[in-house]
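In: how does the following fold in three dimensions:
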Amino acid sequence: SIRCRWTRTFGELEEEAGDSSDVYRTSADDVGSVIRVECEAQEPKFLGMAGGSIGPIPIDQDVMRSLEGYIAARESKFEVGSKEGRMRIEVTESKVQVQYV
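Out: Okay, here's the model as predicted:
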């Protein structure tokens with residue numbers, strides 16, 4: 001087996017990005033960062049380390065167009081789900097309003 005260390009780097013700032021799994025799935029937190037991994041064998045008969053990096057991670061173009069639309073409209077309304085239930089969130093230049101629905 002192997003143990004991996006995943007980090008996310010923004011310029012000089014580096015932070016842990018995942019657990020010690022050999023798989024990492026990118027998320028919105030990774031946009032603009034470089035993802036690095038260092039892996040080490042955990043069995044005595046295997047020696048050595050390996051590593052690599054990828055990035056900067058680009059933003060999805062559909063998401064970018066949506067964000068640009070929200071910014072141009074100067075307001076946004078959307079619903080999200082959580083453990084507590086569904087919420088309707090409204091964001092305008094003057095307020096952020098959250099309602100449980």
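In: what lies in contact with stretch 16-26?
Out: For stretch 16-26, the external contacting residues (C-beta atoms under 8 Å, 6 or more residues apart in numbering) are 2-8, 29-30, 33, 35, 37, 39, 57. The way it works is simple: take the backbone N, C-alpha and C, and place the C-beta from them, glycine included.
In: now residue 17: how far from residue 40?
Out: For residue 17, the distance to residue 40 (C-beta to C-beta, to the nearest Å) stands at 17 Å.
In: so for these two, which residue has more residues nearby?
Out: residue 17 (19 against 15; other C-beta atoms under 10 Å).
In: contact partners for the residue lying closest to that one once chain neighbours are set aside?
Out: Nearest non-adjacent residue to residue 17, counting by C-beta to C-beta, 6 or more residues apart in numbering: residue 8, 3.9 Å away. Counting by C-beta under 8 Å, 6+ apart, residue 8 makes contact with 14-17, 29-30, 33-36.
In: and residue 7, by the same measure?
Out: Contacts of residue 7 (C-beta under 8 Å, 6+ apart): 14-17, 35-37.
In: does it sit in a helix, a strand or a coil?
Out: Assigned with DSSP: H, G, I helix; E, B strand; the rest coil, residue 7 falls in the strand class.
In: mind checking pLDDT for it?
Out: Looking at residue 7, its pLDDT is 94.
In: okay, now the unreliable bits of the chain?
Out: 82-84 (pLDDT under 70).
In: quick one: the strands in it, in order.
Out: For the chain, applying DSSP state E gives strands covering 2-10, 13-16, 34-41, 49-54, 75-82, 85-92, 96-100.
In: I'd like to know which of the ones you listed is closest to residue 66.
Out: Of all those, strand 75-82 sits nearest to residue 66, with 9.2 Å by C-beta to C-beta.
In: can you give the contact residues for the closest one?
Out: With contacts defined as C-beta under 8 Å, 6+ apart, strand 75-82 is touched by 70, 86-93, 101.
In: one more pass at 6 Å, please.
Out: The contact list for strand 75-82 (C-beta atoms under 6 Å, 6 or more residues apart in numbering) reads 70, 86-92.
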